[in-house]
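J.: Predicted model follows, preceded by the sequence.
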Amino acid sequence: MNRNISLQNGELVTILTKEKKQGKTRFISLRWLLLFAYAITGIIPLLLMTGIMLRSVQDYFEEERKKELLRQANVISGQLTSSDYLFDGQEHTDMEELILEASQNNDFRVLVLDSSCMVVYDTGYEDVGKTFLLPEVVEALENKDTARKQKNGAIYAAASIMGANKTRAGVVLIADGLADVQDTIGNVGRKASILLLAIILFVLAVMFVSSKVFTEPVKSMIRVIQKMSEGHFEQRAVIKTGIHNEIVDLAIACNQMADQLEKVESSRQQFVSNVSHELKTPLSSVKVLSESILLQEDVPKEMYVEFLHDINSEVDRMTAIINDLLTLVKLDQKEIPLNFQEVDLNAMMADIIKRLQPLAAAKEISLQWEELKEVSADADEMKLSLAISNLVDNAVKYTPEGGEVKVTLDADHQHAFISVTDTGIGIPEEEVNRIFERFYRVDKTRDRETGGTGLGLSITHATIMMHNGSIKVNSKEEEGTTILVRIPLRQNV
Ligand code: ADP
């Protein structure tokens with residue numbers, strides 16, 4: 001969606017905003033993503049761990065029960081072996097009472113089977129005479145006493161009864177349901193589920209709050225940036241103090257960007273209003289001058305000449321402003337590189353002095369030129385010459401008649417130094433940093449008289465910066481000003 005927006009100064013800009021639905025991209029809130037990630041990494045492992053723990057406890061209980069039942073079966077089978085139960089009818093009642101007691105005490109069922117797997121005795125009384133070809137019974141008869149969990153959840157433990165000559169004559173089979181184990185596990189499981197639910201609810205609440213803490217500032221920043229993209233540069237993201245993290249840093253950076261944008265926007269507006277104002281003044285003069293001739297009848301020729309002369313100088317002034325503006329615009333277009341060539345700075349400087357000497361002479365200012373070294377540097381001669389001319393021109397302009405202006409050229413093994421010192425009016429300390437601003441003048445009225453555009457130092461500054469140099473001002477009001485320019489001898493282009 002493209003929107004045309006009118007900024008305060010009436011300029012029409014087109015802002016390209018992202019469509020909410022862009023093709024197939026789906027908007028998934030960062031908050032839900034965070035919640036989802038939390039859920040996967042926090043809750044699912046918790047559930048798995050609880051499940052595994054319950055399972056292990058159950059397995060442990062079952063194993064213990066198997067061992068216990070096998071031990072009991074062994075005790076009974078030992079007693080039956082020694083009492084010769086299977087072969088001696090006399091011992092039956094005593095032994096059966098003993099087995100019944102064990103069965104009742106332990107709440108399990110005991111069956112005694114003979115070598116053909118037929119039930120000889122059953123504490124449940126139901127299956128006497130039946131044949132049980134259970135794998136546990138067969139294994140016990142063959143070689144090994146076994147306890148195993150059945151599909152129905154019960155445990156069968158089978159221990160062999162020994163006959164004569166160490167043969168296996170029968171089997172004691174204990175059958176025990178695992179109801180009590182299941183009850184215990186169920187209980188533990190229920191308690192674990194309640195605890196788990198409480199933990200999950202707690203974790204979800206923490207996730208919900210923390211994801212809000214994370215995403216709220218991001219949302220507020222998005223709102224701010226959207227507002228800024230609509231031209232409201234005064235918008236700022238709210239930064240809550242107390243905690244500090246990357247998101248707070250992001251909000252701070254966002255606000256700094258807003259500050260910068262606001263500054264650029266306001267300086268742009270200021271610039272436009274300055275340009276209009278600067279051009280309006282000479283235009284008004286032209287208008288007044290021309291109207292006063294047009295409205296008068298029988299204007300004498302001398303007046304025509306005088307007024308046309310004034311009009312001409314106002315036009316010159318406008319031309320100067322526009323030329324300076326064009327120079328600045330060209331310097332601002334950084335993609336147009338400077339035309340660096342080896343320049344003989346001594347010759348360039350001597351030329352500048354020669355050109356400005358008449359200006360100084362007209363004000364009876366002594367313009368001195370001192371070259372301390374032979375210096376050649378990589379520079380764009382035309383632009384650098386204009387930049388230095390502006391400095392010498394200012395020195396002459398802002399020095400009263402009879403004053404002095406001294407220009408020097410020096411160098412070390414890396415830099416060239418050009419200084420322009422005058423005995424002029426100087427610049428107030430608090431204004432020194434502002435003189436490179438476009439259209440900035442210390443004293444507006446006086447500068448109208450001196451004819452400056454207020455752009456000269458902006459041009460000089462931009463040019464020196466493009467030469468990777470620096471410019472410093474030392475000034476004292478009523479005493480004079482020194483401007484020191486430093487540029488590198490070699491440009492690494
Ligand atoms: P202008 O065209 O008005 O001279 P500049 O950009 O060259 O514009 O200079 C900006 C302002 O800085 C001037 O208006 C003046 O007030 C002050 N200035 C510059 N050079 C000097 C100087 N050598 N001595 C005193 N003031 C100066």
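T.: Received it, and whenever you're ready, just let me know what you need.
J.: The residue of the stretch 101-250 of the chain found nearest the ligand: what secondary structure?
T.: Residue of the stretch 101-250 of the chain nearest the ligand, by Cβ to the nearest ligand atom: Phe233 (27.8 Å). C-beta: built from backbone N, CA, C; applies to glycine. On the three-state scheme (DSSP: H, G, I helix; E, B strand; the rest coil), Phe233 is labelled coil.
J.: Now it: phi and psi?
T.: Dihedral pair for Phe233: phi -80, psi -10, per degrees, to the nearest 10.
J.: What's the separation between the nearest residue to Pro428 once chain neighbours are set aside and Gly163?
T.: Excluding the flanking residues, the one nearest Pro428 by Cβ to Cβ, 6 or more residues apart in numbering is Glu477, at 5.6 Å. According to Cβ to Cβ, to the nearest Å, Glu477 stands 130 Å off from Gly163.
J.: now do Ile459
T.: On the measure of Cβ to Cβ, Ile459 and Gly163 end up 122 Å apart.
J.: ok, now Gln260?
T.: Distance from Gln260 to Gly163, counting by Cβ to Cβ: 102 Å.
J.: same question, Arg109
T.: The value you get for Arg109 to Gly163, if Cβ to Cβ is used, is 24 Å.
J.: who's more crowded, Ile459 and Gly163?
T.: Each of Ile459 and Gly163 has its neighbours counted (other Cβ atoms under 10 Å); Ile459 has more, 23 against 16.
J.: Which helix or strand contains the more buried one?
T.: For Ile459, the host element (DSSP states H and E) is helix 456-466.
J.: next one: Ser160
T.: Going by DSSP H and E, Ser160 is part of strand 155-162.
J.: In its sheet, which strands sit next to the helix or strand just after that strand, and in what direction?
T.: Next helix or strand after strand 155-162 toward the C-terminus (DSSP H and E): strand 168-176. Its sheet considered, strand 168-176 pairs with strand 109-114 (antiparallel), strand 155-162 (antiparallel) by DSSP bridges.
J.: What residues sit buried inside strand 168-176?
T.: Across strand 168-176, burial judged by 16 or more other Cβ atoms under 10 Å covers Arg168, Ala169, Gly170, Val171, Val172, Leu173, Ile174, Ala175, Asp176.
J.: My guess is the fifth one contacts Thr81. True?
T.: So that's Val172. No: applying Cβ atoms under 8 Å, one finds Val172 not in contact with Thr81, separated by 9.6 Å.
J.: Overlap in contacts, the two.
T.: Overlap of the contact sets of Val172 and Thr81 (by Cβ atoms under 8 Å, 6 or more residues apart in numbering) consists of Ile161.
J.: follow-up on the earlier one: export the strands paired with strand 168-176 as a markdown table, with columns for distance to the ligand.
T.: Listed next are the strands paired with strand 168-176 as a markdown table, based on distance: least, Cβ to the nearest ligand atom, whole Å:
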| stretch | distance to the ligand |
| --- | --- |
| strand 109-114 | 112 |
| strand 155-162 | 102 |
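J.: Lys66: which of those strands is closest?
T.: Closest of those to Lys66 is strand 155-162, at 5.8 Å (criterion: Cβ to Cβ).
J.: and the closest one, C-alpha only, in CSV?
T.: Presented in CSV, the C-alpha positions along strand 155-162 are these (Å, rounded to 0.1, in the frame of the first residue of the first chain):
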residue,chain,number,x,y,z
ILE,A,155,1.5,-62.2,38.0
TYR,A,156,2.1,-65.9,37.8
ALA,A,157,5.0,-67.3,39.8
ALA,A,158,5.8,-71.0,39.3
ALA,A,159,8.3,-73.1,41.4
SER,A,160,8.9,-76.8,40.9
ILE,A,161,8.2,-79.5,43.5
MET,A,162,11.0,-82.1,43.5
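J.: For the stretch 101-250 of the chain, give me the ranges with low pLDDT.
T.: Applying pLDDT under 70 to the stretch 101-250 of the chain flags no residue at all.
J.: Just the buried residues of stretch 420-431, please?
T.: For stretch 420-431, burial by neighbour count (16+ other Cβ under 10 Å) applies to Val420, Thr421, Asp422, Thr423, Gly424, Ile425, Gly426, Ile427, Glu431.
J.: need the helices for the protein, in chain order.
T.: Ranges of helices in the chain, per DSSP state H, are 30-38, 44-83, 92-106, 135-142, 179-229, 246-295, 301-332, 345-362, 381-397, 444-450, 456-466.
J.: could I get those helices as a markdown table with distance to Glu404?
T.: Below are these laid out as a markdown table (distance: least, Cβ to Cβ, whole Å):
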| stretch | distance to Glu404 |
| --- | --- |
| helix 30-38 | 68 |
| helix 44-83 | 85 |
| helix 92-106 | 123 |
| helix 135-142 | 122 |
| helix 179-229 | 52 |
| helix 246-295 | 31 |
| helix 301-332 | 27 |
| helix 345-362 | 9 |
| helix 381-397 | 9 |
| helix 444-450 | 18 |
| helix 456-466 | 21 |
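J.: Where among these is average confidence lowest?
T.: Among these, helix 444-450 has the lowest mean pLDDT, at a mean of 59.
J.: can you redo the strands paired with strand 168-176 as JSON lines with mean neighbour count and distance to Gln270?
T.: Formatted as JSON lines, the strands paired with strand 168-176 follow (neighbours: other Cβ atoms under 10 Å; distance: least, Cβ to Cβ, whole Å):
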{"stretch": "strand 109-114", "mean neighbour count": "23", "distance to Gln270": "101"}
{"stretch": "strand 155-162", "mean neighbour count": "25", "distance to Gln270": "93"}
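J.: So for Glu101, which of those sits nearest?
T.: strand 109-114 (10.2 Å).
J.: angle of the closest one against helix 92-106?
T.: Here the directions of strand 109-114 and helix 92-106 differ by 150 degrees (axes from the mean of the first three to the mean of the last three Cα atoms, to 10 degrees).
J.: so how far is strand 109-114 from its chain's centroid?
T.: Taking Cα atoms, centre = their mean, to the nearest Å, the mean C-alpha location of strand 109-114 is offset from the chain mean by 76 Å.
J.: try stretch 457-468
T.: Centre-to-centre, stretch 457-468 and its host chain are 35 Å apart (Cα atoms, centre = their mean).
J.: Any part of it near the ligand?
T.: Yes: using Cβ under 6 Å from any ligand atom, stretch 457-468 reaches the ligand at Leu457, Ser458.
J.: buried residues in that stretch?
T.: Leu457, Ser458, Ile459, Thr460, His461, Ala462, Thr463, Ile464, Met466, His467.
J.: ok and the residue in the protein nearest the ligand?
T.: For the chain, Cβ to the nearest ligand atom, closest residue to the ligand: Gly452, 2.2 Å.
J.: which residues touch that residue?
T.: Shown in contact with Gly452 (Cβ under 8 Å, 6+ apart): Asn394, Lys397, Arg441.
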